[in-house]
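Student: build me a model:
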Amino acid sequence: MTALVLTINMVVAYVTADREALLSFFSDPDKFYAAAPYTFLVASVIILLFGPGKLALDALIRRLLETRPLQEAPAPSR
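Tutor: Okay, here's the model as predicted:
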């Protein structure tokens, strides 16, 4: 959900701060790519589309709290 908010935030940053770069998306793409919000927009879109995966906080907590089954003690020999 945070990635969605960040993506919207970066689109608003393009609209308000770098409107010229946004409008030159088709005519001069290098200007669009060189704008400051571009890197953050791409990163937030990637996380929005693919999710954080193993870098997610819930995945880290799950790995830390994961209980491993206890190994049975070997049967005593007679």
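
Student: all contacts plus neighbour counts: C-alpha atoms, from now on.
Tutor: OK.

Student: any idea of the mean pLDDT for the biggest helix by length in the chain?
Tutor: Of all the elements of type helix in the chain, the one with the most residues (DSSP state H) is helix 2-17. On average, the pLDDT along helix 2-17 is 88.

Student: hmm, which helix or strand of the chain has the shakiest average pLDDT?
Tutor: helix 57-65 (a mean of 80; mean pLDDT, DSSP states H and E).

Student: can you count the residues close to Val11?
Tutor: By other C-alpha atoms under 10 Å, 18 other residues sit near Val11.

Student: pick out the residue nearest the middle of this structure.
Tutor: When C-alpha atoms, centre = their mean is applied to the chain, the residue found nearest the centroid is Ile47 (2.8 Å).

Student: check contacts around the spatially closest residue to that residue that is not a sequence neighbour.
Tutor: Spatial nearest neighbour of Ile47, excluding adjacent residues (C-alpha to C-alpha, 6 or more residues apart in numbering): Ala3 at 6.2 Å. Applying C-alpha atoms under 8 Å, 6 or more residues apart in numbering to Ala3 gives the contacts 44-45, 47-48.
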